[in-house]
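S.K.: Show me how the following folds:
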Amino acid sequence: MSNTLSNTVSNHEPVIAGFFPDPSICRAGDTYVLVNSSFEYLPGLPVHTSTDLTTWTFAGNALTRVEQIAESGGHPSSGMFAPTIRHHDGRYWIIGTDVNGIPAGRGHFLIHATDPAGPWSDPVHLPEAIGIDPDIAWDEHGTAHVTWCSLDPSQPGIRCAPFDTATGALLAPSRQLWSGTGLAAPEGPHLYRRDGWWYLLLAEGGTERGHTATIARARTLEGSFEANPRNPFLTHRSLTHPVQNVGHADLVELPDGRWAAVHLGVRNRGPSPGFHVNGRETFLVGIDWVQGWPVVDEDRFDVPPADHAFHDRFTAADLHPRWLGAGRFPASFARTGPDGLVLDAGGGRSLLAARATDETWTASTEVSLEDGSCRFLLRIDDRHWYGLTYDGHAVEAVLTIGPVQHTVGRWEPETDTPGTATLGIRVTAPRSLAPGLFSEPDGVELLAGSNGSGGFAHSFGVFDGRYLSTEVAGGFTGRVFGVEAVSGQTRVHAISYQPGDRTPPTP
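M.R.: A predicted model of the protein is given here:
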């Protein structure tokens with residue numbers, strides 16, 4: 001949507017909801033494949049597939065083992081930044097950056113697979129290209145080119161160089177292509193070959209309210225890039241659209257010759273300046289080419305709301321790909337089996353979490369302890385979380401907001417099975433002060449009950465959700481919820497998630 005267009009509210013349903021930012025997309029035949037950044041969470045780089053662009057299936061994660069990426073301890077908004085996915089010569093390729101490896105000079109890395117579900121190869125590193133947001137494109141001679149946002153002060157801007165996909169070595173010195181329109185933070189480059197032109201798409205303006213997508217073109221990669229006279233061609237800055245922070249786009253050609261784009265955006269709510277809580281999400285728009293430049297059609301696709309409900313008893317041999325660890329692979333502290341899930345404390349943070357995907361929802365878990373303690377929590381990072389800590393005897397509700405941690409209550413469940421409890425989190429719609437005026441982005445209710453009770457016997461209260469938002473916590477991620485083994489060993493019998501006002505089944 002050009003910034004010269006009206007405030008008309010278009011389809012504002014994400015195609016992939018929740019903390020799935022920085023989307024990159026490619027097509028092989030009738031199948032679209034999309035990858036998102038994952039930052040400190042492991043396994044990394046979630047991959048989705050689709051045949052219609054509007055409904056997507058979680059295929060798995062591209063980074064699933066320590067041979068591909070080292071465990072890091074989960075420093076907030078570290079780890080895997082924006083990747084690019086492409087299909088070429090019968091393979092899917094993902095190029096990305098683990099920013100934790102930059103101080104060691106490891107640069108970007110390249111992995112490949114013949115199936116989007118994996119397995120994905122061990123990485124080939126590009127130590128001569130230091131920066132973020134790499135892109136890969138092939139020219140008419142079959143030579144691969146890497147384009148990236150440089151962090152090297154001696155070689156600034158958006159750089160590009162041909163390289164060897166087998167070794168990661170640059171085949172020529174890098175050169176600067178285009179630095180954007182002058183807005184802050186030109187990044188997220190993607191190169192496309194169309195009608196005899198090389199097009200270079202960028203994200204500009206920062207990934208907050210001023211976010212945009214801009215584009216330029218040149219006849220050759222050695223030539224001078226001319227900017228689209230209608231840049232930015234995609235933005236919602238200064239508009240009252242319900243989706244904000246729009247940018248970091250990637251284009252894809254459909255089988256019938258039409259085009260589309262995916263991009264990130266946020267659904268902010270509550271009082272000024274507005275708060276987004278589920279992170280940057282993936283959205284879809286149509287693209288028309290007018291006089292050689294892309295023009296956005298926000299109403300082309302009718303995106304149906306997705307049902308994200310699940311009830312996981314953890315009896316399968318492998319965890320569902322939705323489950324994440326904060327800087328650790330779940331396999332290092334989690335085991336599944338006929339009796340459910342076992343989490344072992346020690347060796348780092350033993351948190352098994354999933355992304356929150358809806359504006360209102362309820363999640364619950366049934367846990368049992370023989371010793372030690374566990375926690376069911378909703379978090380943005382280690383300094384911003386609300387949770388329920390259980391020690392086998394009583395449940396305590398704890399709020400952590402920056403340097404302040406406060407216990408708001410303690411409750412002892414009545415149960416015939418010592419050491420067991422049901423813990424719940426319910427996210428509710430904001431309180432309305434007047435039509436269109438809300439007191440907070442949402443409310444977070446902390447709940448507890450006795451196993452087998454069929455519900456929650458106790459509520460610790462409803463707490464302001466703005467303190468678990470990116471606008472308060474900072475960073476690039478979104479809310480996740482899950483169970484953490486604080487000490488000893490925790491047995492998790494089930495975790496349930498239901499969107500909206502539905503009550504999850506008793507675990």
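S.K.: which stretches of the stretch 101-250 of the chain form strands?
M.R.: Remark: strands assigned in the stretch 101-250 of the chain by DSSP state E, counting those that start in this stretch are 108-113, 124-126, 131-138, 144-150, 158-163, 175-176, 187-194, 197-204, 212-218, 226-227, 234-235, 244-253.
S.K.: Switch those strands over to CSV; also include mean pLDDT, distance to residue 478 and mean neighbour count.
M.R.: From N, CA and C alone the C-beta is placed, and that goes for glycine too. Putting those into CSV (pLDDT from 0 to 100; distance: least, C-beta to C-beta, whole Å; neighbours: other C-beta atoms under 10 Å) gives the following:
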stretch, mean pLDDT, distance to residue 478, mean neighbour count
strand 108-113, 97, 24, 23
strand 124-126, 96, 29, 20
strand 131-138, 97, 19, 23
strand 144-150, 97, 22, 23
strand 158-163, 98, 27, 22
strand 175-176, 95, 33, 13
strand 187-194, 98, 18, 21
strand 197-204, 98, 18, 24
strand 212-218, 98, 21, 23
strand 226-227, 98, 32, 14
strand 234-235, 98, 21, 28
strand 244-253, 98, 12, 24
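S.K.: how close does the residue nearest to residue 73 when sequence neighbours are not counted get to residue 94?
M.R.: Spatial nearest neighbour of residue 73, chain neighbours left out: residue 327 (4.5 Å); criterion: C-beta to C-beta, 6 or more residues apart in numbering. Using C-beta to C-beta, to the nearest Å, residue 327 is found at 20 Å from residue 94.
S.K.: returning to what we had before: hmm, the residue nearest to residue 73 is touching residue 79, no?
M.R.: Yes. Using C-beta atoms under 8 Å, residue 327 is in contact with residue 79, at 7.4 Å.
S.K.: Which one's more surrounded, those two?
M.R.: residue 79 (27 against 22; other C-beta atoms under 10 Å).
S.K.: Okay, the more buried one and residue 184: tell me how far apart.
M.R.: 23 Å.
S.K.: Kindly report the same for residue 147.
M.R.: 19 Å.
S.K.: Would you map the helices across this structure?
M.R.: All helices of the chain, identified by DSSP state H, fall at 470-473.
S.K.: Just give me the neighbour total for residue 103.
M.R.: Residue 103, neighbours per other C-beta under 10 Å, totals 7.
S.K.: typo on my end, residue 438
M.R.: Based on other C-beta under 10 Å, the number of other residues close to residue 438 is 17.
S.K.: Same check on the one 4 residues further on?
M.R.: With neighbours defined by other C-beta under 10 Å, the count for residue 442 comes to 25.
S.K.: and what of residue 370?
M.R.: 11.
S.K.: My read is that it contacts residue 420, right?
M.R.: No. Residue 370 is beyond contact range of residue 420, at 10.6 Å (criterion: C-beta under 8 Å).
S.K.: Tell me which stretches of the stretch 301-450 of the chain form strands.
M.R.: 310-312, 325-326, 334-337, 340-344, 350-355, 361-369, 373-381, 384-390, 395-401, 404-411, 420-428, 432-434, 437-438, 443-449.
S.K.: Can you say which of those is packed in most?
M.R.: strand 325-326 (a mean of 26; mean count of other C-beta atoms under 10 Å).
S.K.: what packs against that one?
M.R.: On a contact count with 3 or more C-beta pairs under 8 Å, 6 or more residues apart in numbering; DSSP states H and E, strand 325-326 meets strand 41-42, strand 350-355.
S.K.: Point out where the stretch 351-500 of the chain drops to low pLDDT.
M.R.: For the stretch 351-500 of the chain, the stretches flagged by pLDDT under 70 are 436, 451-454.
S.K.: Nothing else from me, thank you.
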